[in-house]
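*Asks:* missing the sequence, but the structure's below:
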């Protein structure tokens, strides 16, 4: 589904190279995990895949369903089915949750979204993720707690139905109960959409107790230095990242 071929990427503002000959292939229905110490390029990877304006791919390519997306804008990538559950979701004052999602869904389908059926589906999805229905009419993420913001990201996922999901530190800022609710909803979505692929970016293996990965990758100095199964994540939790450093 997604392949990064020797991608080199830098921050536009200071020309700092973050990803260095980064390569990764994710097939339909696979769940991959990226782990690594701070500053190794984990969140940069998610932004580069989505086409964030602050980053530039200087060489290499990003292939999604056999098509290069390296030069596409963020909205064009989203319309193809890519979805980023952000580490720190953006607050947009004056735009309600319902307005945001109804507009986004209409952009994806190219059709006018029926308000009645949309609100009904939204209320059901909000019950699933344990969000109060009043948040439908509140400005996007304004005044939301950290946990509410992350649940709201999962709500968006359920409504927009992507085929490739990036979870950028979903467990950050979530208590145990909220993390469980978020992960159970993601697992239910994956069960209903078995070809959907997932890239999880995390520091800790706690989330992997709920969402079982096929592969775990250790990122160091902008590229993958080791790949294994879920046991690699628990090994890192026990022993740290010493021995996985790369200065190449």
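*Replies:* Thanks, I have the structure now. A quick note: this is a predicted structure, and the numbers were derived from the prediction, not measured. Numbering: from 1, shown residues only.

*Asks:* all strands of this protein, in order?
*Replies:* Taking DSSP state E as the criterion, the chain contains strands spanning 2-11, 17-26, 31-35, 55-64, 67-68, 82-85, 92-96, 139-140, 164-168, 197-201, 215-220, 223-228.

*Asks:* Can you name every helix or strand that the fourth one contacts?
*Replies:* In terms of contacts (3 or more CB pairs under 8 Å, 6 or more residues apart in numbering; DSSP states H and E), strand 55-64 is packed against strand 2-11, strand 17-26, helix 42-50. Every residue, glycine included, has its C-beta placed from N, CA and C.

*Asks:* Pick the most buried one from the ones you listed.
*Replies:* Among the helices and strands packed on strand 55-64, ranked by average contacts under mean count of other CB atoms under 10 Å, first place goes to helix 42-50 (a mean of 22).

*Asks:* same question for that one, mean pLDDT?
*Replies:* Mean per-residue pLDDT for helix 42-50: 92.

*Asks:* And the residue located most distally from the centre of the chain, how close does it get to residue 102?
*Replies:* Here the centre of the chain is the reference, and by CA atoms, centre = their mean the most remote residue is residue 116, at 29.2 Å. Residue 116 sits at a distance of 11 Å from residue 102 (criterion: CB to CB, to the nearest Å).

*Asks:* Between its first and last residues, what's the separation in stretch 220-234?
*Replies:* 17 Å (CA to CA, to the nearest Å).

*Asks:* Could you list the buried residues of that stretch?
*Replies:* Buried residues in stretch 220-234, defined by neighbour count with 16 or more other CB atoms under 10 Å: 220-226, 230, 232-233.

*Asks:* List the buried residues in stretch 72-89.
*Replies:* 72, 77-78, 80-87, 89.

*Asks:* Please state the offset of it from the chain centre?
*Replies:* Taking CA atoms, centre = their mean, to the nearest Å, the mean C-alpha location of stretch 72-89 is offset from the chain mean by 8 Å.

*Asks:* got a list of contacts for it?
*Replies:* Outside stretch 72-89, the residues that touch it by CB atoms under 8 Å, 6 or more residues apart in numbering are 43, 46-47, 49-53, 64-65, 67, 69, 107-108, 141, 144, 149-150, 152-154, 156-157, 160, 162-170, 172, 201.

*Asks:* Let me know whether residue 1 touches residue 24 as I believe.
*Replies:* No. Using CB atoms under 8 Å, residue 1 makes no contact with residue 24, being 11.3 Å away.

*Asks:* Next, count neighbours for the nearest residue to residue 32 once chain neighbours are set aside.
*Replies:* Excluding the flanking residues, the one nearest residue 32 by CB to CB, 6 or more residues apart in numbering is residue 215, at 4.9 Å. A total of 17 residues lie near residue 215 under the criterion other CB atoms under 10 Å.

*Asks:* ok, so what distance separates residue 215 from residue 186?
*Replies:* Separation of residue 215 from residue 186 (CB to CB): 17 Å.

*Asks:* How much space separates the residue most central in space within the chain from residue 200?
*Replies:* Closest residue to the average C-alpha location of the chain: residue 166 at 2.1 Å, with CA atoms, centre = their mean. Look at residue 166 and residue 200: by CB to CB, they are 8 Å apart.

*Asks:* repeat for residue 210
*Replies:* Distance of residue 210 to residue 200, computed by CB to CB: 11 Å.

*Asks:* again with residue 102
*Replies:* Taken as CB to CB, the span from residue 102 to residue 200 is 28 Å.

*Asks:* Same question for residue 121.
*Replies:* Residue 121 sits 26 Å away from residue 200, going by CB to CB.
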